[in-house]
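**Q** return a 3D structure for these sequence lines:
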Amino acid sequence: MKIHESAENYLEAILMIQQEKSVVRSIDVAHKLSFSKPSVSRAVSLLRENGYINMSKDGILELTDSGLAIAEEMLERHTTLSRWLISLGVPREIALEDACRMEHDISPITFQLLKEHILSQQS
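**A** Predicted coordinates:
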């Protein structure tokens, strides 16, 4: 099932915050993505309805298995693509922005082959 780029960004942000702080709340996501609290609240509601996250009574966000799978895939794509672009000489900030756009549109087969190529170049 294909989800929207914005949902992928939210899931990836939740994973990144979780890796940094272990506990994730909506306000953390709002700060990370520079979005308003009402925008994040709406997105969190949709992510919950679609089974990508759970929220405790205390407001702690947790990725479900399906949400985690998407978040991990987006983070791997983002990390791999940004490192590759930087290695090509693209300035860091531009590489991070470009990788963020590319991670959502690149096909799984293209990404896999690109990743294999990058890894073979590092050997």
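**Q** can you give me the neighbour number for the residue lying closest to A7 once chain neighbours are set aside?
**A** Spatially, and ignoring its direct neighbours in sequence, A7 is nearest to L47 (6.4 Å; C-beta to C-beta, 6 or more residues apart in numbering). (C-beta placed from N, C-alpha, C; glycine too.) By the measure other C-beta atoms under 10 Å, the count of residues near L47 is 22.
**Q** longest helix of the chain, counting residues only.
**A** Counting residues, the longest helix found in the chain (DSSP state H) is helix 65-87.
**Q** continuing past that one, what's the next helix or strand?
**A** Downstream of helix 65-87, the next assigned helix or strand under DSSP states H and E is helix 92-105.
**Q** the longest helix of the chain: which residues count as buried?
**A** 67-68, 70-71, 73-75, 77-78, 80-82, 84-85 (16 or more other C-beta atoms under 10 Å).
**Q** need the residues that contact it.
**A** Under the contact criterion C-beta atoms under 8 Å, 6 or more residues apart in numbering, helix 65-87 has outside partners 3, 7-9, 11-12, 14-16, 47, 51-53, 63, 92, 94-96, 98-100, 102-104, 106, 111, 114-115, 118.
**Q** one more pass at 7 Å, please.
**A** Outside helix 65-87, the residues within contact range by C-beta atoms under 7 Å, 6 or more residues apart in numbering are 3, 8, 11-12, 14-16, 47, 51-53, 63, 92, 95-96, 98-100, 102-103, 106, 111, 115, 118.
**Q** need phi/psi at S34.
**A** Main-chain torsions, S34, degrees, to the nearest 10: phi 60, psi 40.
**Q** count of neighbours near it?
**A** 6.
**Q** okay, it and A13: tell me how far apart.
**A** 10 Å (C-beta to C-beta, to the nearest Å).
**Q** ditto for V24
**A** Going from V24 to A13 by C-beta to C-beta gives 9 Å.
**Q** go on, R83?
**A** On the measure of C-beta to C-beta, R83 and A13 end up 19 Å apart.
**Q** cool, A7 as well?
**A** For A7 relative to A13 (C-beta to C-beta), the value is 11 Å.
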